[in-house]
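Chemist: Have a look at this prediction, sequence included:
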Amino acid sequence: MPDSMTAWELIISGDATLYAIVRLSLAVSLSAVAIAVVIGLPLGALLALTRFRGRTALIVLLNGFMGLPPVVVGLTVFLLLSRSGPLGVFGILFTPLAMVIAQALLVVPIIAALTRQTIEDLWHEYRDELTAMNVGAGGRMATLLWDSRFSLITALLAGFGRAAAEVGTVMIVGGNIDGFTRTMTTTIALETSKGNLPLAMGLGLILIVLILMINAAAWGVRVWSEQRAG
Amino acid sequence: MLNRRLFSAFAAVALMAFGSTAAVAQDKSIVVASTTSTQDSGLFDHILPLFKDKTGIEVKVIAQGTGQALDTARRGDADVVFVHAKAQEEKFIEEGFGVKRYEVMYNDFVLIGPKSDPAGIKGTSDITAAFEAIRAKQALFVSRGDKSGTHSAELKLWKEAGIDIDAAKGEWYRDIGQGMGAALNTAGAMNAYVLSDRGTWLSFKNRGDLEIVVERDKRLFNQYGVMLVNPEKFPTVKAEFGQSFIDWLVSPEGQGAIAEYKIDGQQLFFPNASRDPS
């Protein structure tokens, strides 16, 4: 990225490096959220609807993990994926995949914990009806997830916000390699360290605008589908 | 279900965006663990495209402090290390992690400080006298504190000035544990002295009230070396591509590319490869 340009000039001129960085950031964070959805929604629903020993402890743990320090997650994933670590044979340290895995670990607790709360609240409302209709466990989970879909979008957005905004894990497991694992947040950190504060600030504004746009789009989808659902 | 639809939408976006990055991953490439000074100064942006044009090998640079870069290589996560702390590099070779050490280029360290010069050392070319004055006046000093090459050099200079910095450090000595750029930003914000490599200083944009206060002492010499990570330790090391990179760096062509890199007309790094590894 040319040092002399401002962020604004980079956008206007359609700077290829900037767009590649934006695309990578979105790809990594959206993939992480997708993985976290697949794991977090069923996990949250399961925790809401089942009773077993240690459930309370698990819920506290999950809620606590919403605040996992990114740098610790990064370090853990780094040690696992390192050539000297247990998963070293796959050679995925310092690749975009490593960043997806690390961000997914950060996002799963957020989506699972928020899903658990949402489903449990709805369950109190639906319990009599679902019990009377003799709906099985799988059916209950599906019904409750479906009927709380609008609230769950907020959980997804919270997860996405966490993934897109963090710099600690992607810096450690991605290595901030130019043109390969450099994301919006690591670019901002790098430009700051080069003393290129106006460019760093400009890139920061671009990131904020992107996150706002994704939230607005999700809000639009929610309003639109609520209207359609009547 | 909406969940399923949402998921496929996510997956589609993710796949689209990954298409381009996945293609890059299959190319001929090596991972070079190097220092923040070589990256932040813009040297790699200048020489790596030239190397790629010639050989087709893509060089992925992880910019860390020298100590961290060597540790990355000790875990087998890099193919080549390109750093600047001779003693640490020789230890790396002795431990069997590196194959051979080649000297590539040098530049020098400069002592940066506020224009107000509270320690009154501007213009001297005796770096150890300057360090003594900073300590005597308890003038603010920012230390990298990250086992980088620059941090090693700073510790060596305290020792040469006859100061036991572990005992002497007080509120005036700010150990920040971060990269060169962050250290310069911090020094600028608190009007402190800081030791920097000249390359990073020349390319640094947020100078504020800072300027060079001491330079051109021969003890400020800063030698860079490059080593292939030992493929006998880590079979995953791309020895052939890595050695091509090293051979190119010390070849007349690579040395010429290093010499021609300038910022505002000033040469940042001076090639001095000996064809025989040390």
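Modeler: Alright, I've got the coordinates.

Chemist: could I get stretch B:150-163 in PDB with only the CA atoms?
Modeler: Output in PDB follows, covering the C-alpha atoms of stretch B:150-163 (Å, rounded to 0.1, in the frame of the first residue of the first chain):
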ATOM      1  CA  THR B 150      17.900  -3.400  18.700                       C
ATOM      2  CA  HIS B 151      17.100  -4.400  22.300                       C
ATOM      3  CA  SER B 152      20.300  -6.600  22.400                       C
ATOM      4  CA  ALA B 153      22.300  -3.700  21.000                       C
ATOM      5  CA  GLU B 154      20.900  -1.300  23.600                       C
ATOM      6  CA  LEU B 155      21.700  -3.700  26.500                       C
ATOM      7  CA  LYS B 156      25.300  -4.100  25.100                       C
ATOM      8  CA  LEU B 157      25.700  -0.300  25.100                       C
ATOM      9  CA  TRP B 158      24.600   0.100  28.700                       C
ATOM     10  CA  LYS B 159      27.200  -2.600  29.600                       C
ATOM     11  CA  GLU B 160      29.900  -0.800  27.600                       C
ATOM     12  CA  ALA B 161      29.000   2.400  29.400                       C
ATOM     13  CA  GLY B 162      29.700   0.600  32.700                       C
ATOM     14  CA  ILE B 163      26.100   0.700  33.800                       C
END
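
Chemist: quick check, that stretch touching chain A?
Modeler: No - residues of stretch B:150-163 are not located near chain A by C-beta under 8 Å from any C-beta of the partner chain, the shortest gap being 13.4 Å. Yep, even glycine has a C-beta here, placed from its N, CA and C like the rest.

Chemist: Buried residues in that stretch, which are they?
Modeler: B:Thr150, B:His151, B:Ser152, B:Ala153, B:Glu154, B:Leu155, B:Leu157, B:Trp158, B:Ala161, B:Ile163 (16 or more other C-beta atoms under 10 Å in any protein chain shown).

Chemist: Give me the contact list for it.
Modeler: By C-beta atoms under 8 Å, 6 or more residues apart in numbering or on different chains, the list of residues contacting stretch B:150-163 from outside reads B:37, B:65-67, B:84-85, B:87-88, B:109, B:127-129, B:131-132, B:135, B:143-145, B:164-165, B:168, B:180, B:195-197, B:219-220, B:222.

Chemist: One more pass at 7 Å, please.
Modeler: For stretch B:150-163, contacts defined as C-beta atoms under 7 Å, 6 or more residues apart in numbering or on different chains pick out B:65-66, B:85, B:88, B:109, B:127-128, B:131-132, B:135, B:143-145, B:165, B:180, B:195-197, B:219, B:222.

Chemist: Dump the buried residues of stretch B:150-163 into CSV; add secondary structure and pLDDT as well.
Modeler: What follows is the buried residues of stretch B:150-163, written out as CSV (DSSP: H, G, I helix; E, B strand; the rest coil; pLDDT from 0 to 100):
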residue, secondary structure, pLDDT
B:Thr150, helix, 95
B:His151, helix, 95
B:Ser152, helix, 94
B:Ala153, helix, 96
B:Glu154, helix, 97
B:Leu155, helix, 96
B:Leu157, helix, 97
B:Trp158, helix, 97
B:Ala161, coil, 95
B:Ile163, coil, 96
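
Chemist: hmm, what's the outermost residue in chain A?
Modeler: Centroid-distance maximum for chain A: A:Ala132 at 37.4 Å, with C-alpha atoms, centre = their mean.

Chemist: so who does it touch?
Modeler: Contacts of A:Ala132 by C-beta under 7 Å, 6+ apart: none found.

Chemist: per-residue confidence for it?
Modeler: On the pLDDT scale, A:Ala132 is placed at 88.

Chemist: Could you tell me how far it is located from A:His124?
Modeler: Using C-beta to C-beta, to the nearest Å, A:Ala132 is found at 15 Å from A:His124.

Chemist: Low-confidence stretches in chain A?
Modeler: A:1-5, A:230 (pLDDT under 70).

Chemist: Now do the buried residues in the longest helix along it.
Modeler: Assignment by DSSP state H gives helix A:96-132 as the longest helix of chain A. By 16+ other C-beta under 10 Å, the buried positions in helix A:96-132 come out as A:96-120, A:122-123, A:126, A:130.

Chemist: and the very next helix or strand once past it with chain B, contact?
Modeler: Sequence order places helix A:137-147 as the next helix or strand after helix A:96-132, per DSSP states H and E. Yes - shown here: helix A:137-147 in contact with chain B (C-beta under 7 Å from any C-beta of the partner chain) through A:Leu145, A:Trp146.

Chemist: Other residues contacting the helix or strand just after helix A:137-147?
Modeler: Next in sequence after helix A:137-147, counting helices and strands by DSSP H and E, comes helix A:149-165. Residues outside helix A:149-165 that contact it (C-beta under 7 Å, 6+ apart): A:25, A:29, A:32-33, A:36-37, A:103, A:106-107, A:110-111, A:114-115, A:118, A:185, A:211, A:214-215, A:218, A:222, A:226, B:2-3.

Chemist: Now find how far off-centre helix A:149-165 is within its chain.
Modeler: Here helix A:149-165 is found 7 Å from its chain centre; the criterion is C-alpha atoms, centre = their mean, to the nearest Å.

Chemist: Ok, stretch A:181-189 next?
Modeler: With C-alpha atoms, centre = their mean, you get 16 Å for stretch A:181-189.
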